[in-house]
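>>> Everything below, folded, please.
(chains A, B, C and D)
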Number of protein chains: 2
Amino acid sequence: MAKSGRDEPEGRPTGHDVARAAGVSQATVSLVLGGKWQGRVAPRTAENVREAARALGYRPNLAARSLRTGRARTALLVVPALTNDFFAGVYTGAVEVASAHDFGLVLYPSPEGTAPARDPFASARAALDGVIASSMAVESLAELRAGGLPLVMLDSDASDADAAVNFDVADGMRQVARHLLGLGHRRIAHVASAVDSWTFTVRAHALARTVREGGGSLVRTERGELSVTGGLEAATRVLTETGAAPDAGRPPRGTAPPTALVCDDDLLAAGALKAARRLGLRVPEDVSVTGIDDVAVARAVEPELTTLRLPATGMGAAGMRALLGVLDGEKEGDRETVLPVTLLPRASTGPAPTG
Amino acid sequence: MAKSGRDEPEGRPTGHDVARAAGVSQATVSLVLGGKWQGRVAPRTAENVREAARALGYRPNLAARSLRTGRARTALLVVPALTNDFFAGVYTGAVEVASAHDFGLVLYPSPEGTAPARDPFASARAALDGVIASSMAVESLAELRAGGLPLVMLDSDASDADAAVNFDVADGMRQVARHLLGLGHRRIAHVASAVDSWTFTVRAHALARTVREGGGSLVRTERGELSVTGGLEAATRVLTETGAAPDAGRPPRGTAPPTALVCDDDLLAAGALKAARRLGLRVPEDVSVTGIDDVAVARAVEPELTTLRLPATGMGAAGMRALLGVLDGEKEGDRETVLPVTLLPRASTGPAPTG
DNA sequence: ACGCACACGTTGTACGTATAACTTCCGGGG
DNA sequence: CCCCGGAAGTTATACGTACAACGTGTGCGT
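Sure, this is the predicted structure:
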């Protein structure tokens, strides 16, 4: 079988094989397939080369290319969790832009959203040209920088990165607050993220300020892990310790009970719905609940969540574009992109209970 | 700046830099750091080399290594969805084994669980040594094979792959069926997956057979997309069209209403819970519901789901091990690994209603 | 005293690509 | 008629690594 002539070269065809088939040199093949043959190779010849490459099923050896050029045309996307479809959206957006520029995108799910493993390349060991990191803790950010790679931060403080893409989350929180104020709510509680990254700090400030300016007050803040159970626990604390739940035993401690719960993401909000139900409170008749992100669960729960839609795919796309810009050595000033957010009023918010 | 002596070599240190620092040749560096220096290099020298490498922060150039060896020490994991934490578990298990063998693992989320993009390498463009694919449609499997890469299938038909890892899902379905039969249920409905892959076919057969053998009957099968809304729709059809829901308008069409809904995964089951609630049925008093997978939502919904725990991380780990075995050229027979599953009885199943 | 084996390395090369530098051909202006 | 310049390619080389094939020196047997 293997002895039948060696016109069939060992394994995968290389640029030399294509060159031989097209009757040119390997250098010409590289020029043509690399796209920079204008004025250097006759159109007819170029077509021959492309034809031969197609016929042989030629695929450039990425390792060789990468070795020669020093760049891998691959980026790393660091996300805190795979299971949150918000980050799935970020990935989708980023991979679309990447593909359009013939870039690869490798996904690294940083466990717990905190620190990537000692070496992010241990699992995503492909050679990388840059990193896009989402919602990271500060120390792990430093580790990434230590790699010397260009870094784009998503939804985070921009100061330590080469570029940043953020949501206008302050505006979003203002929209949420005004929505609730418009429904008559005056006593509002904040179910916040337990981790203390930039985006959550901004949310808290914008919420507090807008509520105060609108004549309401932020009666309580409880922090919880960004999950349904985290929301359940935090919201339970809010509702029982403020006396919002009628039969919770504990008396209110000076503060009147909130009529609305603003949650830092949809998972927390879903947990808050569970907490309310367990405590015998109806949503939205007794208490209103809002989320952020507009992930799938926002519409899966009952009642469906009023939430902020954050353009996740837009953020991924913008992040990838920003990274490409940095890699192209752009010195332009738009190092920070801000994306608008939209309030989606649904069934989990309603008029504040009278009294 | 740049003129200050060239004792500082351009960019990242290479094996030659390490060699110079350690007073040996680059070949020796390669031998030592490659681990195969036993009897070829003096222990003292080896230690010197390692020391120099550490001091310089040497990192082998993966592109060069890959070019030289022809292997990338990187595998691709294809999963249908990022948002399902079952697959997150698979990834976790696989990456653990990969890291232990100094392998990289690149994640490719195949949109919709059906076909990976025309070229899986377009997004995960790292050079690959093999592929681990989970729950794929048949035609896309053929595309993967066309790449000529070793392929390990997870939870799928083993015939077309170099190795396979499966759950003992037939046994699992028997456990579910016996659990329900033991609670007195005799009329059972199956909320099945809309996609028709191997694992779901097996589930359906095992369920039907065990129910029949236990003196019950499978009164209905409805298919739905593997999501909460898919489950909501399919379960609604089951409950209304069989007359299980009292005020659903449509009369039963010859079949008595089911008292239990066996769902092909936890998302479907969560949707079924919603459907039951909307139709005024209590779970488990009026109807019992079971899921499969034991993902986070199984405990997030009310009541918590009785479900089958499938060892997702175990599957990922076994898959990676199998791939490594294939790459090492093992001819051994254990091309198929079968993992046991466990029934977790929780609050969504109870005694069948009398009458 | 001679060589021979063994321990300890080194030299050389190839992997496939991109690109700088060089060649060759040809037509036209001086 | 000669030379010059552009078009159309080609030749040569380097990227950093792994490994096969070669040196060296030292101790030991005979």
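
>>> Mind splitting chain A into its structural domains?
What automatic domain parsing lists as the domains of chain A is A:5-60, A:72-167+A:313-338, A:169-310.

>>> Show me which residues of the stretch 1-150 of chain A sit near chain B.
Within the stretch 1-150 of chain A, the residues that sit near chain B (C-beta under 8 Å from any C-beta of the partner chain) are A:61-64, A:66-67, A:72-74, A:81-85, A:87-88, A:91, A:95, A:98-99, A:103-107, A:109, A:117, A:121-127. C-beta coordinates here come from the backbone N, C-alpha and C atoms, glycine included.

>>> Residue A:231 touches residue A:191, doesn't it?
Yes - the criterion here is C-beta atoms under 8 Å, and residue A:231 meets it with residue A:191 at 6.2 Å.

>>> Name the residues contacting each of the two.
A:224, A:263, A:268, A:269, A:272 (C-beta atoms under 8 Å, 6 or more residues apart in numbering or on different chains).

>>> can you tell me which of those residues lies nearest to residue B:22?
residue A:224 (52.7 Å; C-beta to C-beta).

>>> Would you mind listing what in the stretch 51-200 of chain A touches DNA strand D?
By C-beta under 7 Å from any atom of the strand, the residues of the stretch 51-200 of chain A that approach DNA strand D are A:64, A:67, A:68, A:70.

>>> quick revisit: may I ask which two of the shared contacts of residue A:231 and residue A:191 are separated the most?
A:224 and A:269 (10.7 Å).

>>> In the stretch 151-300 of chain A, where is pLDDT below threshold?
A:246-255 (pLDDT under 70).

>>> Could you list the contact residues of it toward chain B?
So the stretch 151-300 of chain A meets chain B at A:227, A:228, A:229, A:270, A:271, A:274, A:277, A:296, A:297, A:299, A:300 (C-beta under 8 Å from any C-beta).

>>> So what touches the helix or strand hosting the third one?
So the one you mean is residue A:229. Taking DSSP states H and E as the definition, residue A:229 sits inside helix A:228-241. For helix A:228-241, the external contacting residues (C-beta under 8 Å, 6+ apart) are A:189, A:191-192, A:194, A:220, A:222-224, A:244-245, A:248-250, A:253, A:257-258, A:261, A:263, A:267-272, A:274-276, A:278-279, A:281, A:287, A:297, B:296-297, B:299-300.

>>> Leaving out the residues flanking it, which one is nearest to residue A:197?
The shortest distance from residue A:197 to any non-neighbouring residue, by C-beta to C-beta, 6 or more residues apart in numbering or on different chains, is to residue A:135 (5.8 Å).

>>> Where does the residue lying closest to residue A:198 once chain neighbours are set aside sit: helix, strand or coil?
Distances taken as C-beta to C-beta, 6+ apart place residue A:157 nearest to residue A:198, at 4.1 Å, with adjacent residues excluded. Counting by DSSP: H, G, I helix; E, B strand; the rest coil, the backbone at residue A:157 sits in coil.

>>> Please list all residues in contact with residue A:157.
Contacts of residue A:157 (C-beta under 8 Å, 6+ apart): A:164, A:197, A:198.

>>> That one and DNA strand C: what is the separation?
35 Å (C-beta to the nearest atom of the strand, to the nearest Å).

>>> got the buried residues for stretch A:265-282?
A:265-276, A:279, A:281 (16 or more other C-beta atoms under 10 Å in any protein chain shown).

>>> hang on, isn't residue A:131 packed against residue A:151?
Yes - if you go by C-beta under 8 Å, residue A:131 and residue A:151 touch, sitting 5.0 Å apart.

>>> Between these two, which has more neighbouring residues?
residue A:131 (26 against 23; other C-beta atoms under 10 Å in any protein chain shown).

>>> and that one, what element?
Residue A:131 belongs to strand A:130-134, assigned by DSSP H and E.
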